[in-house]
Each structure stands twice: as structure tokens, then as C-alpha cells.
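In: Provided below for reference: sequence and predicted model.
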Amino acid sequence: MPLQFLSETGLIGAALGLGGLGLLGAAAVGRVRGSTGIERSARLALLAAATGWAVHSLVDWDWEIPAVTIPALIAIAVAAAPAPTREIAPLAARRRAKGRRPVSWGSTSIAVASAVAAVLFVASAAFPSLSETKRVDSLSAAGAGSLRDGASDADLAQKLDPLSVEPLFAAAGIAQSQGHDRQAGELLVKATDLQPDNFETWQRLAQFELTVDDYDAAARAIRRQAEADPLAFQARPNLADLLYPLRVPPEESPTAFGTPPP
């Protein structure tokens, strides 16, 4: 994670990001040392969980995984938070003395909204994982010769994670294997519409257009790929190089001969 921060945000960004995490850790350590009893045990457990995440982040890309990072950040924040100033027992006693008060609609609404938010949070983490599983299943089925099952799995993967382009790539490859070039092209165009700033979508589309001999469309896709990520395009000039050998295959050139020459 430190190298990732340095490469993506520079010295200032890395100092701010890592410094903020370090200050949270220092605050949590201070709260643990200043607490006693069950509070100390709870803060220590939360600090230990966040520390485990921090150590593992030195060797892996945990920062990119919300299901791992968000709980760790919540743990360190709670461990560093000040203790509540009001005592719970006297407040409960006062409420019993006044009698049970009816639950307000505001409290009920907040509880329902919190429950719905929790369900959506879990779904946001579960659906992309299920989508990736179905995408891999689609490729496995297609590789085993079951193109129809593979297409069905790829379609389900796209529905589970409509913001991802990977299921579209899988579905396009399967459609092309079935001889449905038009459908494959539509799926790849949909991927470019979904993520126009992702150079890989244009790269896939350009490769497809070359296979169906639509060189004008391939050239347009290559230009869009260069616009989306010029540095990556300079590192991958293979698409432009493919235009000439596909248009004039070397074996059909009047100067072509075998190797070694006769």
C-alpha cells in the first residue's frame, strides 16, 4: 500500500494518506493506554484488527478491497474515538421512573433506513463477487464446448454487476465463437459506452473489428484507445502493426519467400 500511494498520488498524497492512518493509529494506542476494564479490552481488540490489516497491506493490495478495508477503518476509528460522557445506567433509571415512552416514527424510520443501508452494503459487495464467479463459469463452460451455457452464465454475470465490462467481454467472445459477429460487436460497443475512459474496451473492440475486416472501424477504435490512455497505447502498438499484415498478408506479398531463403 505505501508503494501504491507513492506511485498513484506522489510524495504529498502518500504523506497525507499514510499520515492520516498513522495519526488514527496513534490516537487509538493513546485511548487503549488511557482506558481500563472492558473498555480497554474492546479498544485493544479493535486496534489489533486494524493492525493486522495494516501489516497485511504492506504485502498486498488490501486498499482496493472495500470489504476488507472499510471494516478495518471503522475498527481503528472506533478504537480512537473518545468514550461517551453520559452514563447509561442513570439514564435508563430515569426512563423507568418516567414510564415507557412510545417509540417515535423518527426513530423507527432511522432504524429501517439503517437496516436497508446495511442490506445494500452487503449486496454491493456480494453481487460483484457472484458476477465474477458466473463470468469464470461462462468461460469454463465455453472452453468445454457448451457455448449456450457459457452465454447464459455471461448474461447472468452482466445482470449481477451491470457496471462491469468483464462479463461483456466474455459474452462477446462466446457470441463470436457461435458465429454471431453482429451480437459480439454490439456487446463490445456497449462496453465502450459503459466505460469510455477504459482503454481496454477500445482495444477489445479494435481487435474484433480487425477480425471481421472492418479496418476503418478498427482505426477509429485504436484512436479512441490512444485518447483514453496515451501512455498505455505507446506500450502496446500491436494493434496498429496488425493493420498492415492483415490488409496485405506477408505470404501473399510478391516479395515473400521462405526462411531460410532458397
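Out: Arrived safely.
In: where in the stretch 1-150 of the chain is pLDDT low?
Out: For the stretch 1-150 of the chain, residues meeting the criterion pLDDT under 70 lie at 85-106.
In: Can you show me the helices along this protein?
Out: Counting by DSSP state H, the chain has helices at residues 2-34, 37-56, 66-80, 88-98, 105-143, 147-160, 166-177, 181-194, 199-211, 215-228, 230-235, 238-247.
In: okay, now Leu130: neighbour count?
Out: 14 (other Cβ atoms under 10 Å). Just so you know, the C-beta spots here come from the backbone N, C-alpha and C atoms, and that holds for glycine as well.
In: just Thr9 next, same as before
Out: 14.
In: any idea how far it lies from Ser146?
Out: According to Cβ to Cβ, to the nearest Å, Thr9 stands 45 Å off from Ser146.
In: Surely Leu6 and Ile12 touch.
Out: No. Leu6 is not in contact with Ile12 according to Cβ atoms under 8 Å; the separation is 10.3 Å.
In: quick one, which of these two is more surrounded?
Out: Applying other Cβ under 10 Å to Leu6 and Ile12 shows that Leu6 carries more neighbours, namely 15 against 8.
In: residues in contact with the more buried one?
Out: Ala14 (Cβ atoms under 8 Å, 6 or more residues apart in numbering).
In: Angles on the backbone of Asn198, please.
Out: Asn198 adopts backbone torsions of phi -90, psi 110, taken as degrees, to the nearest 10.
In: Check Val212 too.
Out: According to degrees, to the nearest 10, Val212 has phi -100, psi 10.
In: was I right about it contacting His180?
Out: No. Applying Cβ under 8 Å, one finds Val212 not in contact with His180, separated by 11.7 Å.
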